[in-house]
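[1] everything below, folded, please.
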Amino acid sequence: QVPVVESGGGLVQAGGSMQLSCAPSGRTYSSYSMGWFRQNLGKEREFVAVLSWTGRTYYSDSVKGRFTISRDHAKNTLYLHMNSLEPEDTAVYYCAATTRAFSAGSFSRAQEYESWGQGTQVTVSS
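    Residues are numbered from 1 along each chain as shown. This next block holds a predicted model:
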């Protein structure tokens, strides 16, 4: 497991943009697939996006076209850039990492990920 630490988050108006960052602590993540999930109180953790160690990206339908996941190898940092934010995007966002190989669709399942950050709150006001 690799500890991961998120940063970013906060309050933004609907239609605005925000960027989240995630960095593994003490390791390089080149051999990890890294993803973002989000969760609201009383709800299950929801898949948002993943960047596999092979460089492939996948997004949930709810964020496709608005969010972009990327990484900066030199900074060893994963990003989630969020555009056209909606109040429905309000949640605690979690960064996750895994060394497991994904089977069909498994990248969207939280249990496939081995390491999790503590989460960062994103609030979108209407």
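[2] need the contact list for V92.
    The contact partners of V92, taken as CB atoms under 8 Å, 6 or more residues apart in numbering, are 38-40, 119-122. In short, each C-beta sits where N, CA and C put it, glycine included.
[3] for it, what are phi and psi?
    Dihedral angles of V92 (phi, psi; degrees, to the nearest 10) stand at phi -90, psi 130.
[4] who does it bridge with?
    Beta-bridge partners of V92, counted by DSSP bridges, are Q39, Q121.
[5] any idea how many residues pack against T54?
    Neighbours of T54 under the rule other CB atoms under 10 Å: 8.
[6] does it count as helix, strand or coil?
    Reducing the assignment at T54 to three states with DSSP: H, G, I helix; E, B strand; the rest coil gives coil.
[7] state the pLDDT value of it.
    With respect to pLDDT, T54 has a value of 89.
[8] what residue is smack in the middle of the protein?
    Relative to the mean C-alpha position of the chain, the nearest C-alpha, by CA atoms, centre = their mean, is the one of W36, at 1.8 Å.
[9] hmm, that one is touching L80, no?
    Yes. Shown here, W36 and L80 form a contact pair, counting by CB atoms under 8 Å, at 4.9 Å.
[10] need the overlap of contacts for those two.
    Shared contacts of W36 and L80, defined by CB under 8 Å, 6+ apart, are found at 20, 22, 48-49, 69, 93.
[11] and the strands in this structure?
    Assigned by DSSP state E, the chain shows strands spanning 4-7, 10-13, 18-24, 33-39, 46-51, 57-59, 67-72, 77-82, 91-98, 115-116, 120-125.
[12] strand partners (parallel or antiparallel) of the first one?
    Going back to what we said before, that points to strand 4-7. Each strand pairing with strand 4-7, determined using DSSP bridges, is listed with its direction: strand 18-24 (antiparallel).
[13] next, count neighbours for Q19.
    Residues near Q19, counting by other CB under 10 Å, number 14.
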